[in-house]
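K.L.:
Predicted structure and sequence below. I'll ask about it afterward.
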Amino acid sequence: MGPNLKDFFPVKSDLEALEHLVSVEPRDLCVEAKVEYCRATRDLRSCGRTVQHLLVSCGHACLCAECSQRCDVCPICRTPVTKPESALRLRLYDELVEAGLVPQARDDDYREREKDGQFLTLDVRRLCSFFDVALENNLVSLVCHYVSEVCMDEGAVSSDALISMLLDGDVVKDWCKRTALNIISSLRDIYNLGPKQMQSKVDFMFKSLRKLEGVEHVLEALESPIIDPSTPSLVEVRNMLEGVRKASQHLEVMAWFTRHRFLDSLSSRFANIGLWRTAVRDRKSAAVERAWSEYPRSIGQMGPRSPATLFIEDAIGNLGIGRDDEEEGGRDILDLGRLRQSSLPSSPPLRHRRDSGGHPLTSGPSMIYPPDNVRAAVDLLFLEGSSDLILAKKAIFLYYLFDRHWTLSDTSWRSIVDDYVGTFGITRPFMLESLLFYLLDDNSDLALEEASRLLPEIVSPNIHPKVSHVLLERGKADIALSVLRSSGRDGRFGVVNKSDQPVAVPLSEAITAVRVRVQCGLLSEGYLYQRAHCLRIKSEEARRRASKTRKQDNNDTDESRNWSQEMEVLVGEICWFTIRKSLLKEMVELPWLGDEEKMVKKYLLDQAVQDPSSTAGNFLVVFYVQRCRYIEAYLVHKRLCDLEQQFMARCPNEEKIIRSQNACAHRTRIVEACVDLLPPVQRQQLRSGVLSDPSLIEVENTASFEKMEVERVESAPTPMVNSVLPSPLFQVSQTKHLARTSLSRQDVKAVPSTSDWGDYLPPSILHGRGVIRPAASVTP
């Protein structure tokens, strides 16, 4: 159902008045709005009646209808006045009143508001009546032209104090505020009706929507010329504009639900809201239980768990709902709280409904999601948060619909979703993305399988990075790897800063990328990813230092990142998961650099200290023996022997003791054979204890190579190894991997390089993130 046709095609008498209104120059509207009084002399004093006509001969509004019949000349310019009736023409305001476009008002209604001898309120109301007629008849461009050509024109001045007041933009701003408040008041009465009664008001709702959009255009015209953002006038206009946009967006969704009677005929799959909230709590608990640690505190234990959040929590949190620092100026001006349905039960203020981490509550009595009912959901999304995130809000509401009906029969609710998507212009990829986020939040195996089935159609460079993280936590590492590769994040750096320069991905995404590769057994690929990530951060630091040198006066707003800390975290991830997956043999064969090697040694020694019966210490000895660094191998061997002696002295397990003795004896034979290859002087110093401090042993000098790698990564991306992809849909072209150091795996391949390590594209609408420029690819 749409607006009435009469709203767009007025009758003929209305058209004549509207043609007159449109033909008047914007500057002349002030003259037409000014109340004129008869200047003819009557009984030695001025007549004083309100003038409703113009003299055709000169165009002055100075004589009332009666005085024009007896006066021969115009009191202002002394032009002769012709006597026929055609000598007079109705003024614009009176013509609109006669056509019924402006309600008839008595002058007594305004005489009590007299100021300083002038009827200022009456003049302003007449000007505003012109705006009302324009807004009512889809002529809002007339008001916008008035703002741009009159209010914002510095040359538009007048010696008449009343005209100068009408030229001010505050008159238009006050009209916008008054009009918006009147529309909101009328909508409040409609929203309090039942679904059936509201259906009879759909035409009025569409008409009100058109008016709110017109007011929005006028406010945008008022906002654009103001440069100083701290100007009180601009702050008020922006707050008002935000409120009008929210009311318009809320009305649009309310009109859609009114047509569908707020889904009263389509019951939820949950019997009541309590069961729904219990299901959401279970999802949250499952997410917390399966969450992996944020980083390895040491090789023997993982660090603190990363904050486990659902997709819907992140989405609502990104809208800014419930934040204490939310800008609520628009809501205070237009009082949008009146649009909330009065029949809804009261609930705690949103700003108090957040957990200690700042995320919206999904548990406890004050949980935000799920809302109590459909109307509460509309109020939550479209009366809260920023109006700029309208597409994200509509996508979140689509998530709500999927959550409400997913397990029901498709024939009962798919038509509703299709109509919602078609009405609000949501594309199929975005619709499937909302469904994917719901399915990944759902802790059932059926939902996970459905999400895996949908991924080939959804995956793209725009997909949210958390998808791979959740798939990894839920035991779908192979699918997570396919998502990374198909989205262009299989080892490519995809963030562009404000200066359009490529930067490294956040550490959280790098951790996920490394974990996925190691979980899939792609240790070499995880190692190369870690290397390239740290080299990119090094190049960023060099570029930042050079920028500060050239522009010392400018403040550097980019956050500085410590590459060594991130390298420590990523190497720790590799060590931790290789120990869990028994891949230490492959790990020690990787070409670790100096700083990386220190961390590998640290983590393997920590593991040996915590569990001397493990093979971590033995592989550390093998690590040094393979590199012909026999002194370090001997020192590590001596340290392990001491640990094993202490372990065997207190271990009650005879089997572990025998296994440790055999490992120590085998390691001793290898180390002694290696020591015999040393020069006699070093061999004597080593066995006499002179070379007992590992810090005296120089680690392989790799500074020059690392510098070369930094220069290379700035000009071309480091190639990454590839593996077998689970689905043909996720296949990417491959090329030979040319590396400086040969790896242990013989089937090493690489994906083709790009002009940079990939770039983020327009991201998930459910999270409303900013659009970032894509990088052009280069054909391998």
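P.N.:
Received, thanks.
K.L.:
all contacts plus neighbour counts: C-alpha atoms, from now on.
P.N.:
OK.
K.L.:
All the strands of the stretch 401-550 of the chain, in order from the start?
P.N.:
Assigned by DSSP state E, counting those that start in this stretch, the stretch 401-550 of the chain shows strands spanning 495-496, 502-503.
K.L.:
Can you show me the strands along the stretch 51-200 of the chain?
P.N.:
Under DSSP E, counting those that start in this stretch, the stretch 51-200 of the chain gives strands at 53-55, 88-90.
K.L.:
hang on, the earlier thing: pick out the shakiest of the strands of the stretch 401-550 of the chain, pLDDT-wise.
P.N.:
Mean pLDDT is lowest for strand 495-496 among those, at a mean of 54.
K.L.:
which regions of the stretch 51-200 of the chain sit below the pLDDT cut-off?
P.N.:
For the stretch 51-200 of the chain, applying pLDDT under 70 flags the ranges 84-86, 105-120, 154-161.
K.L.:
switch the cut-off to 50
P.N.:
107-120 (pLDDT under 50).
K.L.:
and stretch 599-614, how far out from the chain's middle?
P.N.:
43 Å (Cα atoms, centre = their mean, to the nearest Å).
K.L.:
Mind listing what's buried along that stretch?
P.N.:
For stretch 599-614, burial by neighbour count (16 or more other Cα atoms under 10 Å) applies to 599-609, 611-614.
K.L.:
For Glu236, state which of those residues is nearest.
P.N.:
The shortest gap between Glu236 and any of these belongs to Met599, at 56.4 Å (Cα to Cα).
K.L.:
Now the closest one. Nearest residue, chain neighbours left out?
P.N.:
Glu568 (6.4 Å; Cα to Cα, 6 or more residues apart in numbering).
K.L.:
Now do that neighbour, the pLDDT please.
P.N.:
88.
K.L.:
just Tyr438 next, same as before
P.N.:
pLDDT, Tyr438: 95.
K.L.:
With Ser415 instead?
P.N.:
Ser415 is assigned 91 on the pLDDT scale.
K.L.:
One more: Ser409?
P.N.:
At Ser409, the pLDDT recorded in the model is 89.
K.L.:
Okay, now stretch 669-682: how far is its last residue from its first?
P.N.:
Stretch 669-682 has an end-to-end distance of 19 Å (Cα to Cα, to the nearest Å).
K.L.:
ok, how many other residues are close to the nearest residue to Leu471 once chain neighbours are set aside?
P.N.:
Closest residue in space to Leu471, ignoring its immediate chain neighbours: Ala480 at 5.6 Å, by Cα to Cα, 6+ apart. Ala480: 26 surrounding residues under other Cα atoms under 10 Å.
K.L.:
Same question for Leu446.
P.N.:
If you count neighbours by other Cα under 10 Å, Leu446 ends up with 11.
K.L.:
And Arg245, by the same measure?
P.N.:
23.
K.L.:
List the contacts of stretch 145-152.
P.N.:
Contact with stretch 145-152 is made by 26-27, 156, 167-169, 172, 218, 221-222, 225, as judged by Cα atoms under 8 Å, 6 or more residues apart in numbering.
K.L.:
And those, which of them are buried?
P.N.:
Using 16+ other Cα under 10 Å, the buried members of those are 26-27, 167-169, 172, 218, 221-222.
K.L.:
is it true that Ala255 touches Lys207?
P.N.:
No - contact between Ala255 and Lys207 fails when scored by Cα atoms under 8 Å: they sit 10.9 Å apart.
K.L.:
Among these two, which residue is more densely surrounded?
P.N.:
Here Ala255 and Lys207 are compared on neighbour count by other Cα under 10 Å; more neighbours surround Ala255, at 22 against 17.
K.L.:
so which helix or strand takes in that one?
P.N.:
Using DSSP states H and E, Ala255 falls within helix 232-259.
K.L.:
Quote the end-to-end distance of stretch 134-143.
P.N.:
Stretch 134-143 end-to-end distance (Cα to Cα) = 7 Å.
K.L.:
from the chain's centre, how far out does it sit?
P.N.:
Worked out by Cα atoms, centre = their mean, stretch 134-143 lies 34 Å from the chain centre.
K.L.:
Pull out the buried residues from it.
P.N.:
Buried residues in stretch 134-143, counted by 16+ other Cα under 10 Å: 134-137, 139-143.
K.L.:
ok, now stretch 26-36?
P.N.:
Neighbour counts using 16+ other Cα under 10 Å place 26-27, 29-36 of stretch 26-36 among the buried residues.
K.L.:
same question, stretch 370-386
P.N.:
Applying 16+ other Cα under 10 Å to stretch 370-386 flags 370-372, 374-375, 377-386 as buried.
K.L.:
Identify, from the residues you listed, the entry nearest to Ala663.
P.N.:
Pro370 (58.3 Å).
K.L.:
so the closest one sits right up against Thr278, yeah?
P.N.:
No - under the criterion of Cα under 8 Å, Pro370 makes no contact with Thr278, lying 10.1 Å away.
K.L.:
for Cys674, what are its contacts?
P.N.:
Going by Cα under 8 Å, 6+ apart, Cys674 touches 625, 630.
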